[in-house]
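1. Please work out how this folds:
(one chain, ligands or ions: 1)
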Amino acid sequence: MDGFSTRALHADASLSESPDVAPPISVSSTFVDGTGRRYRRSSHSTTERLEAVLGSLDGGHATAYASGMAAASGVFDVVQPRKVSLPEDVYHGVRDLVWDRSDRGMLEVVAPEDLTRGDLWWIETPSNPKCLITDLEDVAARTSGTGIVTVCDATFATPVLMQPLTFGIDVVMHSMTKFIAGHSDALGGVLVTRDESLAARLTSTRSITGAVPGSLDAWLALRGVRTLELRVLRASSSARDIARWFVDRDVHTWHPGLDSHDGHEIASRQMSGYGSMMSIDLESAEAADRFVSRLSVFTNATSLGGVESLAEHRLRSDPHIEPGLVRLSIGIEDVTDLITDLDQALSLPQ
Ligand code: PLP
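-> Below you'll find the predicted structure:
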């Protein structure tokens, strides 16, 4: 089973416990003693099937969590780094998690050069919201043999477009809430690593902290991942057209598929496509607000990675961002309808 979508559909087949073609949603919180399972916080069939698929797609052992942030916290709980390095642009929730631990004296935020054994280098590529690119091969080369743990949040790329473990990164993380579940109806997160003992520690700590996904969320993520490749390829192709359309209108646009993007060359090397996320700068908070409120095919909402296109005036989520920045998550609608919608919102008098 080599093909990506074949694995997305069948990598969990050997874990099937029933004749059902569609995996059942196991909702029981407890199990009859002596049957191999005891309590859902420690072991759950729907979650294990999801982990089998996600492990196969990223090439390691997967541990699924209740949300992307629960997955991020899971890494910090297990690695317990004294020093952490964060990228220049990073999902604000992860930045808040690190700043909170730093405020409580649990760790220190430092430059990558100051990390040593047992510390953690957090990477996010492409980053949220500016789609900045980190060179994974370079990070892996700089940390090889040092005992520094490298973690890559690859939520924007998905395993369809980039597999960080193949470049030597220790752990890949995804918010499953986004592209993996893919329909804006589930929360989840996952960590994947080739290191079996690290994977075992992540799983046992997750049982202790209780950060496990709920039954329905695990099932929705499993259903979503079956069509991940189709959705991601379609949305990424539309996103590239839309990014070029914005550039033709002189709108400052961050998208790694653009030749003008700083990380374009590295993205071309480490990704098989550029993804469906982009941000534009409309230069003022007022212009950004007006723009998102005029859209009708795009929904004015936070989050990303669902089948429907979303637009968000990012200042509403992150007070540290450029005031005019609008983040777009391109969905799978017809690209001509998306461009028509963007055009009418941009063309009306500011
Ligand atoms: N990482 C990235 C890049 C994200 O965009 C998000 C959420 O937007 C997260 C992590 C956190 O995921 P969740 O909302 O599932 O906790």
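2. Could you use CA atoms for every contact and neighbour count after this?
-> OK.
3. Could I get the contacting residues of the nearest residue in space to Gln163 that is not next to it in sequence?
-> Excluding its sequence neighbours, the residue lying closest to Gln163 (Cα to Cα, 6 or more residues apart in numbering) is Asp58, at 5.6 Å. Residues near Asp58 by Cα atoms under 8 Å, 6 or more residues apart in numbering: Pro159, Gln163, Pro164, Leu165, Val172, Val192.
4. So Asp58 versus the ligand, what's the distance?
-> For Asp58, the distance to the ligand equals 17 Å [Cα to the nearest ligand atom, to the nearest Å].
5. where do the strands sit along the stretch 51-200 of the chain?
-> With strands called from DSSP state E, counting those that start in this stretch, the stretch 51-200 of the chain shows them at 61-65, 83-85, 108-109, 120-124, 149-153, 171-175, 189-193.
6. got the angle between the last one and strand 61-65?
-> It refers to strand 189-193. Here strand 189-193 runs at an angle of 160 degrees relative to strand 61-65 (axes from the mean of the first three to the mean of the last three Cα atoms, to 10 degrees).
7. Using CSV, write out every CA atom in strand 189-193.
-> The C-alpha trace of strand 189-193 is given here as CSV (Å, rounded to 0.1, in the frame of the first residue of the first chain):
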residue,chain,number,x,y,z
GLY,A,189,-4.7,17.3,17.2
VAL,A,190,-2.0,14.8,16.5
LEU,A,191,1.7,14.2,17.1
VAL,A,192,3.6,11.8,14.9
THR,A,193,7.2,10.6,15.6
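8. Show me what the helix or strand where Thr336 lies is packed up against.
-> Thr336 is part of helix 335-347, with elements assigned from DSSP states H and E. Secondary-structure packing of helix 335-347 (3 or more Cα pairs under 8 Å, 6 or more residues apart in numbering; DSSP states H and E): helix 228-248, helix 285-294.
9. closest one to the ligand among these?
-> Evaluated over the helices and strands packed on helix 335-347, closeness to the ligand peaks at helix 228-248, with 15.5 Å, by Cα to the nearest ligand atom.
10. Could I get the phi/psi values of the residue of the chain positioned farthest from its centre?
-> Taking Cα atoms, centre = their mean, the residue of the chain most remote from its mean C-alpha position is Gly34, at 37.7 Å. Backbone torsions of Gly34, given as degrees, to the nearest 10, read phi 90, psi 0.
11. that older thread, nearest to Arg49, out of the contacts of Asp58: which one, please.
-> Relative to Arg49, the closest of the contacts of Asp58 is Val192; by Cα to Cα it sits at 14.2 Å.
12. The ligand contacts on the chain?
-> Counting by Cα under 6 Å from any ligand atom, the chain comes close to the ligand at Ser67, Gly68, Met69, Tyr91, Asn128, Thr155, Ser175, Thr177, Leu187, Gly188, Gly189, Ser303.
13. I'd guessed the first one sits against Ser175; true?
-> I take that to be Ser67. Yes: assessed by Cα atoms under 8 Å, Ser67 is found in contact with Ser175 at 6.4 Å.
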